[in-house]
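Engineer: Mind folding the following:
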Amino acid sequence: MILSNHCPISEEPAEEVSPAHGDFAEFVCPGCGRFRISRSALKTIVNLRRKEKEALLNKARSDAQGGEGIPFIRNMG
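Structural biologist: Sure thing, here's the model as predicted:
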């Protein structure tokens, strides 16, 4: 498990909430809010520029709209 005290999107201080199950990490960031990211995406996202990371989070937010789901960044493509 990759535990971090920084948001993978903004790189600002954040809390990683350890999920009970699943192959993902869940973060709570003051700027980005609560979101999930798959472990494979988490490994890949470090190579992206901040604008690209924010675009992935915005897409996940859009996908989660209309429901009570937490935005989930699942893949990089």
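Engineer: Can you give me the end-to-end span of stretch 16-28?
Structural biologist: Start to finish, the residues bounding stretch 16-28 are 6 Å apart (Cα to Cα, to the nearest Å).
Engineer: Give me the mean pLDDT for the helix ranked longest in the chain.
Structural biologist: Longest helix in the chain, counting residues (DSSP state H): helix 50-64. Averaging pLDDT along helix 50-64 yields 94.
Engineer: which strands and helices sit next to that helix?
Structural biologist: Judged by 3 or more Cβ pairs under 8 Å, 6 or more residues apart in numbering; DSSP states H and E, the packing partners of helix 50-64 are strand 33-38, helix 39-45, strand 72-73. All C-beta atoms are positioned from the backbone trio N, CA, C, and that covers glycine.
Engineer: Out of the ones you listed, the one nearest Cys7 is which?
Structural biologist: The closest of the helices and strands packed on helix 50-64 to Cys7 is strand 33-38. By Cβ to Cβ, the value is 8.9 Å.
Engineer: Just the buried residues of the helix-or-strand element of the chain with minimal mean pLDDT, please?
Structural biologist: When the helices and strands of the chain are scored by mean pLDDT, DSSP states H and E, strand 15-17 comes last with a mean of 88. Within strand 15-17, the residues that qualify as buried are 15-16, counting by 16 or more other Cβ atoms under 10 Å.
Engineer: The helix or strand hosting Val28 - contacts with which helices or strands?
Structural biologist: For Val28, the host element (DSSP states H and E) is strand 24-29. On a contact count with 3+ Cβ pairs under 8 Å, 6+ apart, strand 24-29 meets strand 15-17, strand 33-38, helix 39-45.
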